[in-house]
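Participant: Sequence and predicted structure, then a few things I'm wondering about:
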Amino acid sequence: MKANGIRVYLAAPLFSQAEMVRNKALRDAISSFANVYLPQEDGGILLDLVRSGVPVEQAKSQIFHFDIEAIAACDVLVIVLDGRTVDEGAAFELGYAFAIGKVCVGLKTDPRMLLPIGDNPMIEVALRKICRDEQELVDWIADYDRSAAS
């Protein structure tokens, strides 16, 4: 376990090369202070599994169950909110984490919003904090106190 021993689930879009590179960089920055579950590496990529011979339905089920188990085991879920809309998989992961009582934090470096007054309240209200840049998120993770989060 890292410094304060917390486990972070990183919920983010992972379909383009740019998204995957950013997710890895974010994981690396957070990893100084926490153990990070990065779905694109720890849960698998659907198309990669199918290309390797795993039947489609089995690959979908495998990814779903790995990720659900990782969310259940995490202390904090971090969701990347950048983009015109929130990635639907990340939105599901956020909703599930919130429903089972996990601390949820957002990272939003993109000024685009759904509404002139902010994003969907089903996303925003589930978040304990929305960080506006990577350093703010890393600092929050570094200072996170599991005992105070309850």
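Facilitator: Thanks, I have the structure now.

Participant: isn't Cys104 right up against Gly95?
Facilitator: No - using C-beta atoms under 8 Å, Cys104 is not in contact with Gly95, being 9.3 Å away. Every residue, glycine included, has its C-beta placed from N, CA and C.

Participant: Just want to know which of the two has more residues nearby.
Facilitator: Cys104 (22 against 14; other C-beta atoms under 10 Å).

Participant: Am I right that that one falls within a strand?
Facilitator: Yes - note on Cys104: a strand contains this position according to DSSP: H, G, I helix; E, B strand; the rest coil.

Participant: so how far is Arg84 from it?
Facilitator: Computed as C-beta to C-beta, to the nearest Å, the Cys104 to Arg84 distance reads 21 Å.

Participant: For the nearest residue to Gly118 once chain neighbours are set aside, which residues are in contact?
Facilitator: Using C-beta to C-beta, 6 or more residues apart in numbering and skipping the chain neighbours, the partner closest in space to Gly118 is Glu124 (5.8 Å). Residues in contact with Glu124 (C-beta atoms under 8 Å, 6 or more residues apart in numbering) are Gly106, Gly118, Ile130.

Participant: Model confidence for Glu124, exactly?
Facilitator: Note for Glu124: predicted pLDDT of 95.

Participant: same check, this time on Ile30
Facilitator: 96.

Participant: repeat for Val36
Facilitator: On the pLDDT scale, Val36 gets 97.

Participant: Now for it, how many residues are close by?
Facilitator: 24.

Participant: Quick check: what element follows the helix or strand in which it is found along the chain?
Facilitator: Take DSSP states H and E as the rule and Val36 turns out to sit in strand 34-37. With elements assigned by DSSP H and E, the helix or strand that comes after strand 34-37 is helix 39-42.

Participant: C-alpha coordinates for that following helix, PDB please?
Facilitator: Only the C-alpha atoms of helix 39-42 are listed here, as PDB (Å, rounded to 0.1, in the frame of the first residue of the first chain):
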ATOM      1  CA  PRO A  39      -9.800  -0.200 -15.800                       C
ATOM      2  CA  GLN A  40      -8.000   0.000 -19.200                       C
ATOM      3  CA  GLU A  41      -5.200  -2.000 -17.700                       C
ATOM      4  CA  ASP A  42      -6.600  -3.800 -14.700                       C
END
